[in-house]
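dropping the sequence and predicted coords here.
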Amino acid sequence: MPLTIHRLRTLDEYLTFRSREALALADLHAELERLLPKVPCDFKVDGYSYTAGCQVSFEVDFKYNGGSGGVNWRERVCCPLTGFNNRARATVHVFDMEMEVYPDSEVYLMEQASPLYPFLKARFPRLVGSEHLGDQVPLGSLNSCGFRNEDATHLSFKTESLDAVVSLDVFEHVPDFLNAFQECARVLRRGGRMLWSVPFINGGASNLIRARFVSGRIEHIEPPEYHADPMSPEGVLCYQHFGWEMLEQIRSAGFRDAYAVCYFSREFGYLGGEQFLFVASK
């Protein structure tokens with residue numbers, strides 16, 4: 001069965017999409033209410049796992065809900081065979097649909113300590129992953145655990161040396177995200193593509209700057225927000241949430257096109273309303 005996606009480039013296109021798909025989205029939200037147990041407890045939802053390639057009973061719990069008492073649909077709905085949650089399964093699915101890469105393509109994934117890294121490495125042997133290790137080891141070098149050190153604003157890759165870049169929930173932790181966008185454009189070959197995710201204000205035109213780095217110090221504009229980080233038990237500070245202006249900033253950084261991929265699917269277990277990934281081509 002195919003996954004229906006919607007490629008959107010502006011806030012106006014998104015609002016038109018919301019109006020057009022209002023009934024389908026309402027039906028999906030009603031379905032979510034029916035799925036929830038009357039008393040909060042772990043439960044299962046049947047569907048097709050793209051990463052496993054078969055029908056499964058997805059596992060759902062109430063972890064990582066920020067104390068809301070509800071389900072964090074994006075981070076849960078886990079495949080019992082691959083262990084991938086909603087977000088990770090959809091990332092692989094959209095990657096295959098949009099990225100136009102081949103088994104011998106040179107792909108850079110801005111993570112290495114996650115289950116997604118070995119999964120993609122098995123499919124793309126030339127894939128390189130990394131974590132941000134600060135000054136532990138030089139950029140482009142490996143630490144004692146085999147993790148490569150990279151800084152999104154100073155990538156060690158040669159100019160026009162990669163076919164694809166994948167960045168999942170990274171740019172919100174980079175104060176100078178505009179420089180990071182430019183670096184990603186620099187290292188991609190002509191025709192190369194980037195797939196990324198960030199905290200996204202789907203109804204907002206502008207980015208929300210939560211904190212900034214000024215004169216060597218962090219200045220908080222909004223209450224501090226920390227996200228989980230496999231390399232740090234303290235988590236990592238979120239500097240911004242992004243609005244639709246991000247796509248124009250990506251184009252200004254050196255990409256010829258950029259768009260949001262909006263998707264939702266009861267059949268594939270992509271639950272929780274419309275969700276977003278982003279694609280740019282150089």
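Received the coordinates, thanks.

what helices and strands are in contact with the longest strand that the chain contains?
The longest strand of the chain (DSSP state E) is strand 270-281. Here strand 270-281 touches helix 22-35, helix 86-98, strand 188-197, helix 245-252, strand 257-265, going by 3 or more C-beta pairs under 8 Å, 6 or more residues apart in numbering; DSSP states H and E. Using the backbone N, CA and C atoms, a C-beta is placed for each residue, glycine as well.

sec struct for the nearest residue to residue 271 once chain neighbours are set aside, please.
Of all residues not flanking residue 271 in the chain, residue 73 sits nearest, at 4.6 Å (C-beta to C-beta, 6 or more residues apart in numbering). Classification of residue 73 by DSSP: H, G, I helix; E, B strand; the rest coil places it in coil.

in contact with residue 73, which residues?
The contact partners of residue 73, by C-beta atoms under 8 Å, 6 or more residues apart in numbering, come to 32, 86, 271-273.

of these, just the buried ones, PyMOL syntax please.
Those of those that count as buried under 16 or more other C-beta atoms under 10 Å are selected in PyMOL with:
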select buried, resi 32+86+271+272
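
return the distance of stretch 130-144 from the chain's centre.
22 Å (C-alpha atoms, centre = their mean, to the nearest Å).

oh, I was asking about stretch 83-100
Chain-centre distance of stretch 83-100: 9 Å, with C-alpha atoms, centre = their mean.

same thing with stretch 91-106?
14 Å.

ok, residues contacting that stretch?
Contact partners of stretch 91-106, identified using C-beta under 8 Å, 6+ apart, comprise 3, 5, 50-51, 84, 107, 116, 119-120, 123-128, 161-164, 166, 168, 193, 195, 197, 261, 263, 268, 277, 279.

on that earlier part again, make JSON lines out of the contacts of residue 73 and add pLDDT and distance to residue 55.
Shown next, in JSON lines, are the contacts of residue 73 (pLDDT from 0 to 100; distance: C-beta to C-beta, whole Å):
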{"residue": "32", "pLDDT": "88", "distance to residue 55": "20"}
{"residue": "86", "pLDDT": "95", "distance to residue 55": "16"}
{"residue": "271", "pLDDT": "92", "distance to residue 55": "16"}
{"residue": "272", "pLDDT": "87", "distance to residue 55": "20"}
{"residue": "273", "pLDDT": "81", "distance to residue 55": "23"}
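
now the contacts of residue 73 as TSV including distance to residue 16?
Formatted as TSV, the contacts of residue 73 follow (distance: C-beta to C-beta, whole Å):
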residue	distance to residue 16
32	24
86	25
271	23
272	22
273	17
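
and residue 270, how far from residue 134?
Distance of residue 270 to residue 134, computed by C-beta to C-beta, to the nearest Å: 35 Å.

the two: who's more crowded?
residue 270 (25 against 9; other C-beta atoms under 10 Å).

list the strands paired with the longest strand of the chain, with their directions.
Strand 270-281 sits in its sheet next to strand 188-197 (antiparallel), strand 257-265 (antiparallel), going by DSSP bridges.

now mean pLDDT and mean neighbour count too, for these, in JSON lines please.
Output for those, formatted as JSON lines (pLDDT from 0 to 100; neighbours: other C-beta atoms under 10 Å):
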{"stretch": "strand 188-197", "mean pLDDT": "98", "mean neighbour count": "20"}
{"stretch": "strand 257-265", "mean pLDDT": "95", "mean neighbour count": "20"}
